[in-house]
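Asks: Sharing a model that was predicted from the sequence below.
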Amino acid sequence: MLDSDDYASLYRNFRWAIPERFNIGVAVADRWAAEDPGRTALFDYRADGAPDRLSFLELSQKSNAFANALRARGIRRGDRVALLLPQSFETVIAHLAIYKLGAIALPLALLFGPEALEYRLQTAGARLVVTNAAGAARLARIAGRLPGFDGVVVAGDGSDEFAKMIADHSPVFEAEATGPDDPALMIFTSGTTGPPKGALLPHRVLLGHLPGFQMAYEFPSRPDDLMWTPADWAWAGGLLNALLPSLYLGIPAVAARFEKFDPETALVLMEKMRVRNAFIPPTALRMLRSVDDIRGRFRLNLRSICSAGESLGAETYEWTKEAFGVTPNEFYGQTECNLVLGSCAAIGVSRAGAIGRVVPGHRVSIIDTEGRPVGPGEVGQIAVRRPDPVMFLKYWESPEATAKKFIGDWMITGDQGVEDGDGYIRFFGRDDDVITSSGFRIGPGEIENCLTGHPAIALAAAVGKPDTLRTEVVKAYVVLKDGVEGSPELAAEIGQWVRERLSAHEYPREVEFVDSMPLTTTGKVIRRIFRDRAKREASAVTGA
């Protein structure tokens, strides 16, 4: 736990305390059930009425009963059990039951179609899927092609199967004696640069998240803290940046079901629930910019806003401060090693345009291709040194991919970054996303952040388009706000907007208006699609 308001002291004095036995399910639910059984663990938000409530005692007993039910179904230690559910009580109960059983939870996004589900379930060798009626219908189309698959358990949507399994089994369960390095969770990478890989995470990963979580949400926790995130709990961000650490610290979380993120709906929820702590990914924050006079129209109760998944950028950072009256705390990590860089405005660790400083307990550096740390101001790859409690065990059944993830004891992220003289790291872009133009190496994130500061732009992607003179030129693909029409004049204005705010070599020489922005299930722009599109355009012109 963090216990100082001085960053230097925190980093210098921090020591990990990882027990010989640790189980996420026990640590999250059973501990609080014994200490404070009536304490609220979860609220289920209802737009048209009072929220339902689940106490830590109920969470403990229901997850015990479901663990017994899974065991009766034949699920054993090490088996993979998938979760294809929205934010709900059932999702958390199922997660904790799987951990207590010593099995491996495999969270999957409801947005996945049959092919994406089949790939992940088949790769992971999942035995069972806990899902809703819509998910069950989707799975029925592919179940016959999944070796060793034992079917689905339907939860919610009026089905009583999940509830009946809990009612029919004992609320007493002796959790498996798992160690911190035993596998608990498999989360597939988002696939922005290639086929998704199943990152296997151990039980200790929850403890590894705590220092960064406490920094980002401005420790210590307070009696009225309440966590909400629009991020899918199937994503490492929603699950490990918000949900599980909150529950571990006794902070209740809000479950809400939205088919897609809507800015007005999100603000109404935060107002009605009196949300104190919010994890809002950058794309969602940029979408919130479409709402005028947030502080005047909504009576919000926020004390911390955190963001991660991609660089927030100076424009969105400053807008968030002004719109909410709260300095956003940005942090960084990957599914494989999350929340290793962070910010905390309460202790003075905050800088517009930077993703933060190294979180106490972690060792992060900018390295070259040989694994050597580079100096301040030099572009290199963000890398995390092992061992680290938050680091993944391996990619599932992919030893070659696992080996390629390391240079010596450095876990490489594939993300380019720059560290300044004060220890702040600025995200530069994925290796494949960096644009090379007239000898300059340009990160697309800064350009995209600048673009979304334009009053006409809702979302933007910046990529390099091959060019015979400059190697590449910057091309921007932008989604305009409702009611705004694209035109050559607006395209020129947008280019000038970036040129005036960044530099002459970073502005987009081409701007194309598009109807929608391809996003991963975690809300990141899939630049690869636009990069390939720009290459085809260039080839058509040159005949190459």
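Replies: Nice, I can see it.

Asks: Phe258 reaches Glu264, doesn't it?
Replies: No. Using CB atoms under 8 Å, Phe258 is not in contact with Glu264, being 11.5 Å away. C-beta coordinates here come from the backbone N, C-alpha and C atoms, glycine included.

Asks: So between those two, which is more surrounded?
Replies: Counted by other CB atoms under 10 Å, Phe258 and Glu264 do not tie: Phe258 has more neighbours, with 15 against 12.

Asks: Are we agreed that the more buried one is in a helix?
Replies: No. If the criterion is DSSP: H, G, I helix; E, B strand; the rest coil, then Phe258 is coil and not within a helix.

Asks: Let me see the contact set for it.
Replies: 230, 265-266 (CB atoms under 8 Å, 6 or more residues apart in numbering).

Asks: and the gap between it and Asp232?
Replies: Between Phe258 and Asp232 the distance is 10 Å, computed by CB to CB, to the nearest Å.

Asks: Now do the SS call for Val130.
Replies: strand.

Asks: Please list all residues in contact with it.
Replies: Val130 touches 81-85, 90, 94, 152-153, 155, 162, counting by CB under 8 Å, 6+ apart.

Asks: What are the structural domain limits within this structure?
Replies: As assigned by automatic domain parsing, the chain contains the domains 47-178, 432-542.

Asks: where in the stretch 401-544 of the chain is pLDDT low?
Replies: Within the stretch 401-544 of the chain, the stretches with pLDDT under 70 are 438-441, 521-522, 542-544.

Asks: for it, what spans make up the helices?
Replies: All helices of the stretch 401-544 of the chain, identified by DSSP state H, counting those that start in this stretch, fall at 444-451, 488-501, 527-542.

Asks: what does the stretch 101-250 of the chain give?
Replies: 114-124, 133-140, 161-167, 205-216, 236-238, 244-248.

Asks: And the average pLDDT for the fifth one is what?
Replies: Okay, so that is helix 236-238. Helix 236-238 shows a mean pLDDT of 92.

Asks: so how far is it from its chain's centroid?
Replies: Relative to the chain's own centre, helix 236-238 is displaced by 4 Å; criterion: CA atoms, centre = their mean, to the nearest Å.

Asks: Show me what it is packed against.
Replies: Contacting helix 236-238 under the criterion 3 or more CB pairs under 8 Å, 6 or more residues apart in numbering; DSSP states H and E is no other helix or strand.

Asks: Can you point out the buried residues in it?
Replies: 236-238 (16 or more other CB atoms under 10 Å).

Asks: again with stretch 15-33
Replies: 22-30, 32-33.

Asks: Pick the one among those residues closest to Ala540.
Replies: Closest approach between the buried residues of stretch 15-33 and Ala540, by CB to CB: Ile24, at 52.0 Å.

Asks: can you pull the contacts of the closest one?
Replies: Ile24 makes contact with 96, 99, 184-185, 203, 206, 244, according to CB under 8 Å, 6+ apart.

Asks: Relative to Phe112, how far out is Pro389?
Replies: 30 Å.

Asks: Next: Ala456.
Replies: 33 Å.

Asks: circling back: counting only helices, which of the buried residues of stretch 15-33 make the cut?
Replies: Within the buried residues of stretch 15-33, residues falling in helices by DSSP state H are 24-25, 32-33.

Asks: how deep is Cys218 tucked in, by neighbour count?
Replies: Wrong residue type there; residue 218 is Glu, not Cys. 21.

Asks: wait, it sits on Ala345?
Replies: Yes. The pair Glu218 / Ala345 is scored as a contact, 7.2 Å apart, by CB under 8 Å.

Asks: which residues do the two both contact?
Replies: Contacts common to Glu218 and Ala345, judged by CB under 8 Å, 6+ apart, are Asn329.

Asks: one step back: now pLDDT too, for the buried residues of stretch 15-33, in CSV please.
Replies: Output for these, formatted as CSV (pLDDT from 0 to 100):
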residue, pLDDT
Phe22, 98
Asn23, 98
Ile24, 98
Gly25, 98
Val26, 98
Ala27, 98
Val28, 97
Ala29, 97
Asp30, 97
Trp32, 97
Ala33, 98
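
Asks: can you redo these as CSV with distance to Asp432?
Replies: Listed next are those as CSV, based on distance: CB to CB, whole Å:
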residue, distance to Asp432
Phe22, 37
Asn23, 38
Ile24, 34
Gly25, 38
Val26, 41
Ala27, 38
Val28, 37
Ala29, 41
Asp30, 44
Trp32, 43
Ala33, 47
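
Asks: Please list all residues in contact with Gly156.
Replies: 85-86, 88, 90, 132-133, 162.

Asks: Return the member of those residues nearest to Arg295.
Replies: Using CB to CB, those come closest to Arg295 at Pro86, 29.6 Å.

Asks: I'd guess the closest one is in a helix, am I close?
Replies: No. Pro86 is assigned coil when assessed by three-state DSSP, not a helix.

Asks: Next, the contact list for the residue lying closest to it once chain neighbours are set aside, please.
Replies: The shortest distance from Pro86 to any non-neighbouring residue, by CB to CB, 6 or more residues apart in numbering, is to Arg257 (4.6 Å). Going by CB under 8 Å, 6+ apart, Arg257 touches 86-88.

Asks: which SS state does Val296 fall under?
Replies: Let me fix one detail, which is that residue 296 is Gly and not Val. Recorded secondary structure, Gly296: helix (three-state DSSP).

Asks: And the spatially most central residue of the chain, how close does it get to Met165?
Replies: The chain has Gly237 as the residue nearest its centroid, 2.3 Å off, counting by CA atoms, centre = their mean. Separation of Gly237 from Met165 (CB to CB): 29 Å.

Asks: Could you verify my assumption that Val129 touches Val154?
Replies: No. Using CB under 8 Å, Val129 is not in contact with Val154, being 9.6 Å away.

Asks: So which of these two has more stuff around it?
Replies: Neighbour totals were compared for Val129 and Val154, and Val129 leads with 27 against 20 (other CB under 10 Å).

Asks: Not counting its neighbours along the chain, what's nearest that one?
Replies: Using CB to CB, 6+ apart, the closest residue to Val129 is Ala82 (4.3 Å).
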